[in-house]
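> give me the fold of what follows.
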Amino acid sequence: MTDATVGISAKQRLTLIDAARGTALLAMAIYHFTWDLEFFGYVSPGLTTEGGWKLFARLIAGSFLFLVGVSLVLAHRNGIRWPSFAKRLLMIVAAALAITVATRFATPDRYIFFGILHCIAVSSIIGLAFLPLPPAVTAVAGVAAILAPHYLASPFFSQDWLLWLGLSSDPVRSNDYVPILPWFGPVLLGMAMAKAGEARGLFAWIASIDRRESAVEKPLAFAGRHSLAVYLIHQPVLIGLVYLASLVIPAPAADPAAGFLSSCNATCTPDNSAEFCSRFCDCTLSELRNAGLLEKLLVAESELGLAPEVSEIVNACTASVLEGNQTE
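Numbering: from 1, shown residues only. As a prediction, this is how the structure comes out:
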């Protein structure tokens with residue numbers, strides 16, 4: 001440890017880190033507000049699970065978890081402060097369990113059984129083992145964690161009690177699914193950066209800057225210092241506001257065909273080519289319409305998704321598209 005880092009108290013907060021966390025919270029609020037608009041039918045179905053919005057959501061989660069790693073090093077670089085660690089961990093676990101229970105009632109078919117708070121709690125515990133390791137070792141482990149699902153996914157990990165690992169070969173239905181792999185990777189990368197920066201006096205230099213918070217930075221830093229409370233409060237407030245707006249200005253009636261195609265493509269594209277998914281979804285939409293099942297499927301997806309007649313249509317369209325690709 002250099003002389004530049006000796007004077008930093010483990011309890012000292014760095015405004016820049018708090019502001020970065022607050023910025024991530026603001027980005028999350030923007031995403032959740034858009035998700036709420038989609039939920040109430042004001043924007044096209046599947047908007048927040050595709051393209052740029054999907055990337056935006058992953059960047060938000062990655063930034064939060066990266067900052068978890070940075071904060072873990074800053075808080076415990078001179079030895080693990082067990083009382084404060086246990087207090088923080090209990091608060092996060094309690095909040096995570098509350099979200100699981102609430103979403104189990106609100107959205108039972110997509111409830112949050114392992115979201116970002118669950119991931120932060122488990123990652124914080126595992127991260128303790130990496131505190132004494134060199135930054136290079138931690139960074140390599142972080143990259144390995146990010147790549148792990150691409151090489152280790154297996155049907156074995158599709159069992160419910162193993163879904164938290166992130167190695168399932170099947171799609172997982174949840175409104176917020178942040179499994180340990182690959183998401184422990186950003187935590188480790190944050191730890192590696194923090195340890196490397198500390199060795200070079202980065203945080204001592206940041207702490208030594210004596211300046212007043214700007215009008216923009218002040219609310220962001222405040223939110224960052226109370227990130228758990230802001231996280232828990234902001235979504236109920238936003239969804240409540242959108243609900244009240246819907247009572248005054250109801251959303252236009254949704255196009256069932258557009259909703260189905262959006263959902264179908266979002267589910268299909270992670271494991272198949274865009275061309276295959278486009279043909280498959282068009283075929284399935286046509287056959288569901290002919291069978292009079294489209295509206296029923298959209299209303300009661302969890303009950304009808306595996307019904308024999310729906311499975312027959314899915315299998316027939318899959319075979320038709322594959323056969324068409326082979327003859328071209």
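> next up, the contacts around Glu38.
For Glu38, the contact set (C-beta atoms under 8 Å, 6 or more residues apart in numbering) comprises 44-48. In this view, the C-beta of every residue, glycine as well, is placed from N, C-alpha and C.
> what's the first helix or strand after the strand or helix carrying it?
Taking DSSP states H and E as the criterion, Glu38 maps to helix 15-39. Downstream of helix 15-39, the first helix or strand assigned by DSSP H and E is helix 51-76.
> who does that next one touch, helix- and strand-wise?
helix 15-39, helix 82-106, helix 116-127, helix 180-199 (3 or more C-beta pairs under 8 Å, 6 or more residues apart in numbering; DSSP states H and E).
> redo those as a markdown table? Include mean pLDDT and distance to Ala57.
Output for the helices and strands packed on helix 51-76, formatted as a markdown table (pLDDT from 0 to 100; distance: least, C-beta to C-beta, whole Å):
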| stretch | mean pLDDT | distance to Ala57 |
| --- | --- | --- |
| helix 15-39 | 93 | 6 |
| helix 82-106 | 95 | 16 |
| helix 116-127 | 97 | 10 |
| helix 180-199 | 96 | 12 |
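> low-confidence ranges in the stretch 101-250 of the chain?
For the stretch 101-250 of the chain, the stretches with pLDDT under 70 are 210-213.
> pretty sure Pro270 sits in a strand.
No: applying DSSP: H, G, I helix; E, B strand; the rest coil, one finds Pro270 to be coil, outside a strand.
> torsion angles phi and psi at it?
phi -60, psi -30 (degrees, to the nearest 10).
> thought it was touching Ser169?
No: if you go by C-beta atoms under 8 Å, Pro270 and Ser169 don't touch, sitting 11.1 Å apart.
> who touches both of the two?
Contacts common to Pro270 and Ser169, judged by C-beta under 8 Å, 6+ apart, are absent.
> minimum distance to Ala229: which of the helices and strands packed on helix 51-76 has it?
helix 82-106 (9.2 Å; C-beta to C-beta).
> before we move on, back to that, I'd like the helices and strands packed on helix 51-76 as JSON lines, with distance to Ala253 appended.
Below are the helices and strands packed on helix 51-76 laid out as JSON lines (distance: least, C-beta to C-beta, whole Å):
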{"stretch": "helix 15-39", "distance to Ala253": "15"}
{"stretch": "helix 82-106", "distance to Ala253": "23"}
{"stretch": "helix 116-127", "distance to Ala253": "33"}
{"stretch": "helix 180-199", "distance to Ala253": "37"}
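> for the ones you listed, which one ends up most surrounded?
helix 180-199 (a mean of 23; mean count of other C-beta atoms under 10 Å).
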